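Asks: Quick one, what's the 3D model for this:
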Amino acid sequence: MQQSAVAYFTNGRIIVAPVSRTASGDTIATDPRWFGKSAKKAIIAQAIGEALTASSARVTDPTPEQWKRQFIPFQDAAAVKNFKTFMREAKRVDIERTGETLTLIPFDNLGANNGFEAREIEARDVAVDDIEGVAGTLLILLGLRPDGGTSVAGDVD
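Replies: Numbers count the residues shown, from 1 in each chain. The predicted structure is shown next:
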């Protein structure tokens, strides 16, 4: 089974949650944990590891009413009253495990009506056993730490 998690940054908070697949094949994020934007990498790394471990396959499909309320814990974690406020400045990164690799995929925020769109070309791979490297990469992709990467050939400073 593929393990997955999602991370958001909004309203000054980092939110990390496991992502599971329902019996019908949909994905659902649950049980978000939040941290201040200055949280240490070790704390974020632990939350990512726990979220990946908690992700599972074939969880029970929520009822239509449960689907409607599914995102409320994320709004609570962000300390906002509604989805529109959550989305105002939200950044998102998906974390997916395939074998011994974790892939972090950043997303563009298209607003409350259109959700997020993956920037697959900017995805980064990190070894599963380098969980602090995963946390560092997450913080870079969320825009909370500078990217110490090298410039691409042809770039002009």
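Asks: Next, report how far the helix-or-strand element of the chain with minimal mean pLDDT is displaced from the centre of its chain.
Replies: Sorting the helices and strands of the chain by mean pLDDT, DSSP states H and E puts helix 64-69 at the bottom, at a mean of 91. Mean C-alpha position of helix 64-69 versus that of the full chain (CA atoms, centre = their mean, to the nearest Å) differs by 21 Å.
Asks: buried sites along it?
Replies: In terms of neighbour count (16 or more other CB atoms under 10 Å), helix 64-69 has no buried residues at all. All C-beta spots, glycine's among them, are computed from the backbone N, C-alpha and C.
Asks: Next secondary structure element downstream of it?
Replies: Next along the chain after helix 64-69, taking DSSP states H and E as the criterion, comes helix 72-78.
Asks: Next, the buried residues of that following helix.
Replies: Buried residues in helix 72-78 (16+ other CB under 10 Å): 73, 74, 75, 77, 78.
Asks: Show me what that helix is in contact with.
Replies: 8, 10-11, 13, 15, 17, 29-34, 81-83, 85-86, 90 (CB atoms under 8 Å, 6 or more residues apart in numbering).
Asks: and for stretch 25-34, what are the contacting residues?
Replies: 4, 6, 13-22, 47, 50-51, 54, 59, 61-62, 70, 73-74, 77-78.
Asks: Let's see which of those end up in helices.
Replies: 47, 50, 51, 54, 73, 74, 77, 78 (DSSP state H).
Asks: would you turn those into JSON lines with distance to residue 118 and pLDDT?
Replies: Below are the ones in helices among the contacts of stretch 25-34 laid out as JSON lines (distance: CB to CB, whole Å; pLDDT from 0 to 100):
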{"residue": "47", "distance to residue 118": "22", "pLDDT": "96"}
{"residue": "50", "distance to residue 118": "24", "pLDDT": "95"}
{"residue": "51", "distance to residue 118": "19", "pLDDT": "96"}
{"residue": "54", "distance to residue 118": "22", "pLDDT": "94"}
{"residue": "73", "distance to residue 118": "23", "pLDDT": "97"}
{"residue": "74", "distance to residue 118": "18", "pLDDT": "97"}
{"residue": "77", "distance to residue 118": "22", "pLDDT": "98"}
{"residue": "78", "distance to residue 118": "21", "pLDDT": "97"}
